[in-house]
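**Q** model this:
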Amino acid sequence: MRALVLTAFHQLDVVEIDRPDPGPGEVLLRLCATGICGSDFHGFTGDNGRRVPGQIMGHESSGTIAALGEGVDAAALPVGAPATFNPVVVPEDQAAEYRGQEHHAPGKQVIGVVPDRQASFADYVVVPARNVLLLDPAMPLHLGALIEPLAVAVHAVGLGEPSPEQKVLVIGGGPIGQSVVIALQRAGVEQIVLSERDPARRELVASLGVPTLDPSAGDLSAQVAEVLGAPADLAVDAVGISPTMADALTATRLGGRVVLVGMGSPRLELPAFAISTEERTVVGSFTYSAQDFADATAWIGEHAEQVTPLVSSIVGVEEAQAAFTALAAGEGPAGKILVRFDGQEATA
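**A** All right, here's what the predicted structure looks like:
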């Protein structure tokens, strides 16, 4: 079968490897599409230190069930059914203790991050059966690759706890910011505004029915108050650098809430008084619980048309190197790039 191997930083090669076999309690998925995550192209460049040469990356995927390992219920997970997988794998002996907060389990592994586990930039991937979720067969299969970033957004919005009548600012119009907008709409929030410098991303988000602002055009807090009629009750920072966190704090009301889901910088400089004397709450958000992932899976199956605009480009396996290179250079499209693996027959 084909796999995209990070043979060196800035170099992805299409390599023929043996197709894996599912072991007890495992499922073999035939991949349809895998999305390029920001962590993937930062791993491609070596910037984030979370990917290594020789690794097969990928964790935002959809496909069909190709084979079942011993002990897997064929009625619950039938061969041929459309499916996705939750890449956060919790050891069975920690599953009960960390139910509802699986991403906090100390022994967890994330498929696509751990270097010694083949992930889903490949024709096939093996995952634990407990991490497989069936997809609505009426949904275009490639859209299942959007579930993982939507789960990130569902978790972040849940931590923000917005009520439908509250005013929300989203900072950053990349794929996670776009997913946060969708997750807020899913939560019933109507007063949303997004801040983004890139005009193409602003245009994409505007197509979702949300007004957008250019932070380089003037004081963001004033722009937000003008559009929303008052400072935001909640800000979600999907960028995660010092200037965007400063904007998130100054554009929210006294006593407001800021959720940090972007990871643009490992260190931030914060205006401390905007947190302490003005009593704002800052909450960190990372990945998702199993329930968040299941909720995102169920919702996207019923609202495929709402997420369709988030896919800007679908490339073949041979085009992946060029797509990664463009993203690493800041030249990618406004939305998500999917690498499609079912454009031609896979080799065994």
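**Q** neighbours of the nearest residue to residue 112 once chain neighbours are set aside, just the number please.
**A** Of all residues not flanking residue 112 in the chain, residue 59 sits nearest, at 3.1 Å (Cβ to Cβ, 6 or more residues apart in numbering). Glycine gets a C-beta too; all of them are placed from N, C-alpha and C. Residues near residue 59, counting by other Cβ atoms under 10 Å, number 24.
**Q** CA atoms only: put the strand or helix carrying residue 157 into PDB for me.
**A** Here residue 157, judged by DSSP states H and E, is contained in helix 147-160. C-alpha atoms of helix 147-160 as PDB (Å, rounded to 0.1, in the frame of the first residue of the first chain):
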ATOM      1  CA  ILE A 147     -14.700  15.800  12.200                       C
ATOM      2  CA  GLU A 148     -11.500  15.900  14.200                       C
ATOM      3  CA  PRO A 149     -11.000  19.700  13.900                       C
ATOM      4  CA  LEU A 150     -14.700  20.200  14.600                       C
ATOM      5  CA  ALA A 151     -14.300  18.100  17.800                       C
ATOM      6  CA  VAL A 152     -11.400  20.500  18.800                       C
ATOM      7  CA  ALA A 153     -13.800  23.400  18.300                       C
ATOM      8  CA  VAL A 154     -16.700  21.700  20.100                       C
ATOM      9  CA  HIS A 155     -14.500  21.200  23.100                       C
ATOM     10  CA  ALA A 156     -13.300  24.800  23.100                       C
ATOM     11  CA  VAL A 157     -16.800  26.200  22.800                       C
ATOM     12  CA  GLY A 158     -17.900  23.900  25.600                       C
ATOM     13  CA  LEU A 159     -15.300  25.300  27.900                       C
ATOM     14  CA  GLY A 160     -16.400  28.800  26.900                       C
END
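**Q** how close does the residue nearest to residue 112 get to residue 332?
**A** 18 Å (Cβ to Cβ, to the nearest Å).
**Q** residues contacting the residue nearest to residue 112?
**A** 34, 37, 87, 110, 111, 112, 113, 119, 120, 148 (Cβ atoms under 8 Å, 6 or more residues apart in numbering).
**Q** And the first one, what's its pLDDT?
**A** Residue 34 is assigned 98 on the pLDDT scale.
**Q** likewise the fifth one?
**A** In the prediction, the pLDDT value recorded for residue 111 is 96.
**Q** That one: neighbour count?
**A** Residue 111 sits with 23 neighbouring residues when counted by other Cβ under 10 Å.
**Q** That one contacts residue 87, correct?
**A** Yes: applying Cβ atoms under 8 Å, one finds residue 111 in contact with residue 87, separated by 4.0 Å.
**Q** so what sits against both of these two?
**A** Here residue 111 and residue 87 have 59, 119, 127 as joint contacts, going by Cβ under 8 Å, 6+ apart.
**Q** Closest one to residue 101 out of those residues, please.
**A** The nearest member of these to residue 101, counting by Cβ to Cβ, is residue 59 at 19.3 Å.
**Q** what ranges of this structure fall below the confidence cut-off?
**A** 344-348 (pLDDT under 70).
**Q** switch the cut-off to 80
**A** 48-50, 343-348 (pLDDT under 80).
**Q** got a list of what the residue most central in space within it touches?
**A** Relative to the mean C-alpha position of the chain, the nearest C-alpha, by Cα atoms, centre = their mean, is the one of residue 149, at 1.9 Å. Going by Cβ under 8 Å, 6+ apart, residue 149 touches 35, 37, 60, 175, 176, 179, 336.
**Q** May I have the secondary structure class of the closest residue to it other than its chain neighbours?
**A** Distances taken as Cβ to Cβ, 6+ apart put residue 179 closest to residue 149, at 4.7 Å, once the chain neighbours are dropped. Classification of residue 179 by DSSP: H, G, I helix; E, B strand; the rest coil places it in helix.
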